[in-house]
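**Q** The sequence isn't on hand, but the structure is:
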Ligand SMILES: Cc1ncc(COP(=O)(O)O)c(C=O)c1O
């Protein structure tokens with residue numbers, strides 16, 4: 001072979017190698033791109049903080065599913081921007097109030113809430129140009145009021161008293177909205193005051209219109225999460241349909257605890273309309289009367305009624321769940337049965353899920369999972385059960401997730417596995 005043909009051979013093989021290298025790297029680029037595409041496709045941009053609420057992932061809780069032989073699935077509501085399931089409710093309450101004219105831009109939304117709903121209202125109110133005033137019982141975890149203040153809400157911490165007392169935090173919150181409306185009235189054209197028909201505490205249409213021009217006094221709106229059915233609708237139109245779609249309608253049962261009852265009501269109504277065969281259950285913490293209501297039709301004895309008890313009836317470490325009165329929201333629920341859960345079961349469950357699944361959840365979520373496991377036992381293996389992870393353990397550092405607090409209440413967890421629910 002001549003030197004020149006040698007050179008040609010070398011150049012030819014070099015070009016072939018370069019070509020193959022190009023083909024190979026561009027193939028690799030395409031694969032990476034398409035891999036990336038599968039991670040982001042079907043996820044269009046969402047519009048602002050409000051658009052980021054809802055459509056939470058439905059996850060399989062592996063440890064509980066493996067132990068029970070059921071598929072135990074949970075809506076990860078702690079992933080909402082305001083950190084809980086209540087973001088959905090806050091948006092729905094504010095949007096309906098703005099639509100009806102009971103709240104105007106610049107007005108103050110007031111709420112009596114042990115935390116989560118208030119945090120959600122404080123999170124979304126600025127997106128609607130509104131302010132937020134919150135009244136909470138002073139035995140709620142301190143981090144909740146700290147978060148509220150950091151979010152720009154005004155906070156009143158008050159002694160926990162019965163709902164029948166005029167100074168129950170819910171009643172104070174209602175009063176604050178009325179006071180804001182009176183203030184708004186004083187600052188608008190006096191001649192318009194005669195149009196004020198204060199039957200329900202809200203500004204009449206005429207006054208309300210003028211309130212928009214009354215500087216900083218724009219009136220108030222009491223969110224009223226317990227009785228306002230916007231709460232139930234948030235779940236009937238949001239959480240329920242999402243569960244249905246994410247399971248392709250292949251689920252056997254749903255279970256959750258109730259505070260206002262909005263979640264169990266909205267989800268159970270929606271699912272049963274889709275498929276009446278889907279069973280819906282309540283899990284109820286100590287001190288709550290809802291278990292009795294669902295299983296026996298009566299909530300409490302005369303002595304146990306709210307307002308008759310000497311101490312706070314919610315004798316439980318869990319927060320946001322359990323109640324001794326029938327709310328308008330809970331009345332919408334369609335339930336097939338109920339379970340009781342204990343505080344220790346909830347604490348053990350939260351530690352079990354942290355150790356086995358890396359799930360750091362709050363007290364109501366832990367109670368929901370206790371309920372899901374009890375329901376799995378009742379139904380037997382092979383069923384798909386959906387529940388809710390309402391908020392994260394971050395909201396519970398001073399109580400439910402605090403070893404010192406738990407030991408003071410005799411609630412130090414000690415289980416190695418799920419033996420506290422009779423599973424190995
Ligand atoms: C953390 C948390 N989980 C669960 C619930 C109960 O949900 P619902 O009010 O929809 O019954 C609440 C209610 O306030 C809550 O704050």
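**A** Great, that's in hand. In this text, all values refer to a predicted model and were calculated from it rather than measured experimentally. Numbering: from 1, shown residues only.
**Q** how close does the closest residue to residue 137 other than its chain neighbours get to the ligand?
**A** Of all residues not flanking residue 137 in the chain, residue 160 sits nearest, at 4.0 Å (CB to CB, 6 or more residues apart in numbering). Where you see a C-beta, it was placed from the backbone N, CA and C, and this is true even at glycine. The spacing between residue 160 and the ligand, counted by CB to the nearest ligand atom, to the nearest Å, is 15 Å.
**Q** what about the residue of the stretch 251-400 of the chain found nearest the ligand, how many residues close to it?
**A** Ranking the residues of the stretch 251-400 of the chain by distance to the ligand (CB to the nearest ligand atom) places residue 320 first, at 2.6 Å. Using other CB atoms under 10 Å, residue 320 has 27 neighbouring residues.
**Q** Residue 186 too?
**A** Using other CB under 10 Å: residue 186 sits among 11 other residues.
**Q** Over to residue 418?
**A** 18.
**Q** swap in residue 329?
**A** So residue 329, with other CB under 10 Å, has 28 neighbours.
**Q** Return the set of buried residues in the host helix or strand of it.
**A** Residue 329 belongs to helix 328-331 when assigned by DSSP states H and E. In terms of neighbour count (16 or more other CB atoms under 10 Å), helix 328-331 has its buried residues at 328, 329, 330.
**Q** swap in stretch 164-177?
**A** 168, 169, 170, 171, 172, 173, 174, 175, 176, 177.
**Q** ditto for stretch 43-63
**A** 49, 50, 53, 54, 56, 59, 61, 63.
**Q** What backbone torsions are found at the first one?
**A** Dihedral angles phi and psi of residue 49 (degrees, to the nearest 10) take the values phi -70, psi -40.
**Q** In contact with it, which residues are there?
**A** 81, 123, 124, 127 (CB atoms under 8 Å, 6 or more residues apart in numbering).
**Q** re the thing from before, shouldn't the residue nearest to residue 137 be within a helix?
**A** No - using DSSP: H, G, I helix; E, B strand; the rest coil, the assignment for residue 160 is coil, not a helix.
**Q** Give the full set of residues in contact with it.
**A** Residue 160 neighbours (CB under 8 Å, 6+ apart): 137, 138, 139, 169, 312.
**Q** Please tell me how far the nearest residue to residue 180 once chain neighbours are set aside sits from residue 70.
**A** Nearest non-adjacent residue to residue 180, counting by CB to CB, 6+ apart: residue 220, 3.0 Å away. Remark: distance between residue 220 and residue 70 (CB to CB, to the nearest Å) = 46 Å.
**Q** Looking at those two, which one has more neighbours?
**A** residue 220 (31 against 23).
**Q** how about the residues of the stretch 251-400 of the chain near the ligand?
**A** Contact residues, the stretch 251-400 of the chain versus the ligand (CB under 6 Å from any ligand atom): 258, 259, 260, 261, 262, 263, 320, 321, 362, 364, 390, 391.
**Q** among the residues you listed, which are in helices?
**A** 262, 263, 364 (DSSP state H).
**Q** Could you dump these into TSV with distance to residue 243 and pLDDT added?
**A** Shown next, in TSV, are these (distance: CB to CB, whole Å; pLDDT from 0 to 100):
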residue	distance to residue 243	pLDDT
262	15	98
263	11	98
364	17	97
